[in-house]
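Student: Structure, please.
(chains A and B)
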Number of protein chains: 2
Amino acid sequence: MASSKKVALGLDFGTESVRALLVDLRGREQASAVSSYEHGQITDTLPGTGEKLPANFAFQHPQDWINSAAAAACEAIEKAGLQGDEIIGIGVDFTSCTMLPAKRDGTPLCLIKEFAEEKFAWPKLWKHHGAEKQTERINRLARQRKEPWLDRYGGIIGLEWFFPKVLETLEEAPAVYDAAEVWLEAGDWFVWQLVGAGADGLVRSTCQAGYKAMWHRVEGYPSPEFFAELHPKLENVVADKMPGQMLAPGESAGNLCQAMVERFGLKNSVPVSAATIDAHAGVPGAGAADPGTLVMVMGTSSCHMLNGRDEQSVPGVAGVVEGGILPGLFGYETGQAAVGDAFDWLRQLAGEPNFDRLTEQAATLPPGAEGVRCMDWLNGCRTPLMDGSLCGAFTGLTLGHGSHHMYRALMEASAFGVRWIVELLRENGVPVEHFVATGGLPHHNPLLVQIYADVLGEPISVPRSKQGPALGAAILGVLAAGAEASSFATTREAIVAMAGTTAGENDRQPVVVQPDQDAHNAYSRVYADYRKLGNFLVS
Amino acid sequence: MASSKKVALGLDFGTESVRALLVDLRGREQASAVSSYEHGQITDTLPGTGEKLPANFAFQHPQDWINSAAAAACEAIEKAGLQGDEIIGIGVDFTSCTMLPAKRDGTPLCLIKEFAEEKFAWPKLWKHHGAEKQTERINRLARQRKEPWLDRYGGIIGLEWFFPKVLETLEEAPAVYDAAEVWLEAGDWFVWQLVGAGADGLVRSTCQAGYKAMWHRVEGYPSPEFFAELHPKLENVVADKMPGQMLAPGESAGNLCQAMVERFGLKNSVPVSAATIDAHAGVPGAGAADPGTLVMVMGTSSCHMLNGRDEQSVPGVAGVVEGGILPGLFGYETGQAAVGDAFDWLRQLAGEPNFDRLTEQAATLPPGAEGVRCMDWLNGCRTPLMDGSLCGAFTGLTLGHGSHHMYRALMEASAFGVRWIVELLRENGVPVEHFVATGGLPHHNPLLVQIYADVLGEPISVPRSKQGPALGAAILGVLAAGAEASSFATTREAIVAMAGTTAGENDRQPVVVQPDQDAHNAYSRVYADYRKLGNFLVS
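Tutor: Next comes the predicted model:
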């Protein structure tokens, strides 16, 4: 007898592990489970051969993704006391650009004996930094040729993106490039395995393609002429080695194949959403159903995302992609390269075992940290300058200042970075009306959220759930299941019901941090210093 | 029977204690002794009344100077096994501007019952910072009136100088000002007590007067018109309340009076040199006999001094005084407001108990600290900008940098500050040919001296003696004793014999730190960054 309970499964792939989250259609968590990848991040030696890898290399094992996801799903289903037939849809979010070469039948090249000992046959993790030369050449050529897509990415593409990684393999291991019949994102590969489709059934996510592979709904990928000028063999890479149908996250990539129904502990085949990037899943996961809500995913670095109704060109915004975050909307992605990482850098600089003293003392300081100013570019500037070579700075230092002054100034600088992004979006016709802070940091650092609210002069909602991306993935699974199965007529309805302020239990209400007007006024003066310092540092 | 041995007594007055040093005419130390002032620095409460003092106040007790100096001198004479008749002259160096109001007979106002309970009657220690308002007004008025003396002090006079302290008392305690018959430097007061002269025998040092009271050999003090515009009662302060004959350090202020012969353990009256400032005594004490030798006295802050043959106007140089350091030469004084203090600030920032780790790790870094840049204005900029409101900065910071990078960048910035000063002197016609590093820091921090040598591209001598000022004071005593007593025909002869590289025992040879040419070339590029950062910070 089929259960009347309806549940969605969200699979949230991180760098070390995958989380399976089961939620009902009111966003109530049924259970969750985490499974670490057997091989974790492959950064030291290649499995099998023990070959030592260069310092900036990072791979993953494709079998880990299947094994860990299946284990986590089965454990969550058991924990929730479900039969498996309550699940109506599956959503998948993945790190990106994590990518791999495969055969037409989906077999990763690294799992074929002939290529197992060739490191460039392995899936490259998002943080693999082997393609520095290639990235530089791609950017130089794109500027020379005035490629039209360059503007959509703030004038520069990133070292961690898709085509730098492809070109790196072509140049470093041409045999692997030749043997690869399909180059694809790991999230797309995983969804492809779930639905068990052949070569013709491969679905690519507009999110990953749009944000990491310069794809545009109208213009497509960069032209064969561009690719040919980069490398003769790259000319037809899209036509020859990148098959697949483009679908937005929330659109169904197909139904779970029978083998996976069994491995994942389900009772029947259900729709699987096209994949999405982990950070981008945080947008529906934070209940941001409407355009104009900036979702700040704050962790070691920050990714600030927003949906808009139109496509606007905003200088320095890392990507604007139609259907990039949710179907039917234009997703804007911006980012800050060092946030939690920068705070931790300062903690270590101060020789502190934790943030207790720094936070306590920084909280007693007035806005402006008694004259200390900071530029938070300790890992370069992502939005809006897209320049990884830029560096951080502190000014206004006197013998009377301590590490807590620098910590406060650093938090303030981080907030000014967001203010700059928001001003840019608004000035270029993209409304920004609401603010949500999610990711790991806001829960641990309420002082930081208060500083952000004061600097922006806007209230900031902090969802209580710490599983935003997994919840977002589950919502995408519900969208893929369709209106008949879920009874949600629109994307907005699903998000509001499952992640909005009235979703879930009462304790799911987000904390709303209100700005202080006096502090906001004081910060506006300090922000002018920040921009002035930024101008100096780029000069 | 008179001894044939000839010895000089140097009295070196510090902030907490006075040192008595006995050396023979070849610079060989006979003995030394230190005596702490009974009242130390008077910063909390006024002696006698217990009145709580403001935070920026600092006084001393005049009787402490006599008592401690006499005790130290007697102890040194006894330690050296001398009879007291071997001493041919006495030199005195003193902190400055430490100053006091007195009666015509030399009695300090604070020792008169009527004024003992009035805090403004007490000697103000050099670091007394009560005259902020007055300093600002003096500078403003001098700029308005385009006072000709302003240029000699780099366009600004300091909070710790003589007339701000006088004006503070006039405004805060007019009765004390009225009762004061003589305003004078503590060093001059002490020499006055030694020679036991009446009002007519008072000698003022051209060093203290020139560096701290805007006195010039030709132009004299600022005009009565200037003083009258500051305050009507100040119009004739020089004529009415600042009697005395101007003499250079090394010129005799008179012979030790009989009462002091006994108190100081001598057998007969000997000449006493006009006083000098403690840092300035370090110039002869470091063996810098010739014009063109920059003596860098490096401690919590640094004072860099140089003798020249001519008077040149150098923008930002804090003082150029004829006879300011040695008779017959023009003494140039420049400074850096935070050196050892800044290093200690960084050590505390890094939570380190000492400098061991920072030094060890900083030493492994190449010139330029792997991209980290610093501006060392953590206590403002003394030379050449004379602006205490300027602040320090670090740029070029990335997540890969640690506190040892910042420490190295700070040491490099400190060296760049000296390079800037040296360039300014040379560009304005003041030769700088040799470099001597003295004070407390060079002995503790050989890496710092190497960085200075590399940045300057010049060898730096580090005298082994740690008693440079006391030795310098003793040399001034020998000069005061005259050529007949000492058999030195010139100032140069005395300095070379007593503090030159061939003076003293063999272990007195200075360490000479040679510059590395590659490092010097590298630093020239980093120095350009330093100046560029400085331009930004003052903008």
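Student: helix, strand or coil for residue A:34?
Tutor: Under the three-state scheme (DSSP: H, G, I helix; E, B strand; the rest coil), residue A:34 adopts strand.
Student: Bridging across strands, which residues link to it?
Tutor: Note on residue A:34: beta-bridge partners by DSSP bridges are residue A:19.
Student: Dihedrals phi and psi, the residue nearest to the spatial centre of chain A?
Tutor: Of all residues in chain A, the one closest to the mean position by Cα atoms, centre = their mean is residue A:279, 3.0 Å from it. Here is the backbone geometry of residue A:279 (degrees, to the nearest 10): phi -60, psi -40.
Student: Would you state the predicted confidence (pLDDT) at residue A:153?
Tutor: Residue A:153 carries a pLDDT value of 83.
Student: Check the one 3 residues further on too.
Tutor: pLDDT, the model's per-residue confidence, is 84 for residue A:156.
Student: For it, which non-adjacent residue is closest in space?
Tutor: Nearest non-adjacent residue to residue A:156, counting by Cβ to Cβ, 6 or more residues apart in numbering or on different chains: residue A:386, 4.1 Å away. The C-beta positions use only the backbone N, C-alpha and C, and glycine is treated the same way.
Student: burial of that neighbour, as a residue count?
Tutor: 22 (other Cβ atoms under 10 Å in any protein chain shown).
Student: Which part of the stretch 251-400 of chain A gets nearest to chain B, residue-wise?
Tutor: residue A:351 (2.7 Å; Cβ to the nearest Cβ).
Student: How about the stretch 51-200 of chain A?
Tutor: For the stretch 51-200 of chain A, Cβ to the nearest Cβ, closest residue to chain B: residue A:55, 12.3 Å.
Student: Residue A:485 reaches residue A:89, doesn't it?
Tutor: Yes - contact criterion Cβ atoms under 8 Å: residue A:485 and residue A:89 qualify, at 7.0 Å.
Student: picking that back up, what sits against the residue nearest to the centre of chain A?
Tutor: Shown in contact with residue A:279 (Cβ atoms under 8 Å, 6 or more residues apart in numbering or on different chains): A:297, A:303, A:305, A:469.
Student: I'd assumed the first one was in a strand, is it?
Tutor: What that stands for is residue A:297. Yes - judged by three-state DSSP, residue A:297 forms part of a strand.
Student: Model confidence for residue A:507, exactly?
Tutor: 56.
Student: ugh, typo on my part, it should be residue A:339
Tutor: 95.
Student: Nearest spatial neighbour of it, chain-adjacent residues omitted?
Tutor: Per Cβ to Cβ, 6+ apart, closest to residue A:339 is residue A:302, 4.5 Å.
Student: Any part of the helix or strand hosting residue A:135 near chain B?
Tutor: Using DSSP states H and E, residue A:135 falls within helix A:132-144. No - using Cβ under 8 Å from any Cβ of the partner chain, helix A:132-144 stays clear of chain B, coming no nearer than 15.7 Å.
Student: I'd like to know which elements that helix is packed against.
Tutor: For helix A:132-144, the elements it packs on are helix A:162-172, helix A:224-230, judged by 3 or more Cβ pairs under 8 Å, 6 or more residues apart in numbering or on different chains; DSSP states H and E.
Student: Overlap of the contact sets of residue A:485 and residue A:89?
Tutor: Contacts common to residue A:485 and residue A:89, judged by Cβ under 8 Å, 6+ apart, are residue A:271.
Student: More neighbours: which of those two?
Tutor: Taking neighbours as other Cβ under 10 Å, residue A:485 and residue A:89 compare with residue A:89 leading, 28 against 16.
Student: The more buried one belongs to a strand, doesn't it?
Tutor: Yes - judged by three-state DSSP, residue A:89 forms part of a strand.
Student: who's in contact with it?
Tutor: Residue A:89 sits next to A:8-9, A:252, A:270-273, A:477-481, A:485-486 when contact means Cβ under 8 Å, 6+ apart.
Student: Give me the pLDDT for it.
Tutor: In this model, residue A:89 carries a pLDDT of 98.
Student: Next: residue A:289.
Tutor: pLDDT recorded at residue A:289 is 88.
Student: Show the average pLDDT along stretch A:374-381.
Tutor: pLDDT averaged over stretch A:374-381 gives 95.
Student: tell me which residues in that stretch are buried?
Tutor: A:374, A:375, A:376, A:377, A:378, A:379, A:380, A:381 (16 or more other Cβ atoms under 10 Å in any protein chain shown).
Student: With stretch A:456-466 instead?
Tutor: Residues of stretch A:456-466 classed as buried by neighbour count (16+ other Cβ under 10 Å): A:456, A:458, A:460, A:461, A:462, A:463, A:465.
Student: for the fifth one, which residues make a bridge with it?
Tutor: Bridge pairing for residue A:462 (DSSP bridges) gives the partners residue A:511.
Student: show me the contacts for it.
Tutor: A:436, A:437, A:438, A:442, A:443, A:449, A:510, A:511, A:512, A:513.
Student: Out of the contacts of residue A:279, who's the most crowded?
Tutor: Busiest of those [other Cβ under 10 Å] is residue A:469, holding 31 neighbours.
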